[in-house]
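Trainee: Pasting a predicted model and its sequence here:
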Amino acid sequence: MSRPGSSWWAEADRVLAAVLRWGSMLCLAFLLVLLAAGVLVRFAPLFSMGWADEVVELAFAWMVFLGTAVLWRDGKHISVDFLLQGLGGSPAGRLLALVVALLSLGFLAVFTREGWLLTLQAMGNRTPILELPRLLWYAALPVSGLLMIGYSVRGLWRLVRGRST
């Protein structure tokens with residue numbers, strides 16, 4: 001199952017990255033189908049799609065936050081890095097990268113905590129049409145936050161050990 005020379009962690013990371021990518025892509029495909037069907041039903045009202053708005057919200061939330069975790073993992077998120085690039089591998093550049101990584105970790109800790117609190121607040125709420133628990137929507141925040149914290153810790157560890165992030 002795993003390639004020779006690769007660790008269990010590397011294999012788990014590879015599988016997790018695939019799950020995140022595919023989950024995000026499936027949410028996008030689901031959104032495309034539901035929104036296209038919603039437009040078609042407006043022109044030819046064969047059946048009601050009032051329930052679709054709730055599912056679109058759910059798929060959109062998970063698509064955004066799973067996709068964000070994938071981008072964070074790969075270091076492809078939006079960042080202003082002209083200072084880091086300008087300083088290159090110099091000691092000042094490494095210090096700046098360390099400060100940025102620690103600030104990012106702090107932000108993600110707050111993000112994850114607040115997302116968890118929102119999820120807890122939504123615990124008893126249900127959607128009006130499908131009667132789904134609202135926590136399904138909000139759970140995307142702490143789940144993606146925890147994943148991004150994990151990837152940030154990995155990047156910080158690599159930075160401290162002197163490897164490229």
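Mentor: Ah, there it is.
Trainee: Just say helix, strand or coil for G150.
Mentor: Judged by DSSP: H, G, I helix; E, B strand; the rest coil, the three-state class of G150 is helix.
Trainee: need the next SSE after the longest helix seen in the chain, C-terminal direction.
Mentor: Looking across the chain with DSSP state H, the single longest helix is helix 8-43. Downstream of helix 8-43, the first helix or strand assigned by DSSP states H and E is helix 52-74.
Trainee: Would you indicate which residues of that following helix are buried?
Mentor: 52, 54-56, 58-63, 65-70, 72-73 (16 or more other C-beta atoms under 10 Å). C-beta: built from backbone N, CA, C; applies to glycine.
Trainee: for the protein, what helix or strand is lowest in average pLDDT?
Mentor: Lowest by mean pLDDT, DSSP states H and E among the helices and strands of the chain is helix 82-87, with a mean of 78.
Trainee: The helix or strand following it packs against which elements?
Mentor: Downstream of helix 82-87, the first helix or strand assigned by DSSP H and E is helix 91-121. The elements that helix 91-121 packs onto, with contact taken as 3 or more C-beta pairs under 8 Å, 6 or more residues apart in numbering; DSSP states H and E, are helix 82-87, helix 135-138, helix 140-160.
Trainee: Run a quick neighbour tally on G145.
Mentor: 24 (other C-beta atoms under 10 Å).
Trainee: Distance check, the residue nearest to it when sequence neighbours are not counted against R94.
Mentor: Nearest residue to G145, sequence neighbours excluded (C-beta to C-beta, 6 or more residues apart in numbering): T112, at 3.0 Å. Distance from T112 to R94, counting by C-beta to C-beta, to the nearest Å: 26 Å.
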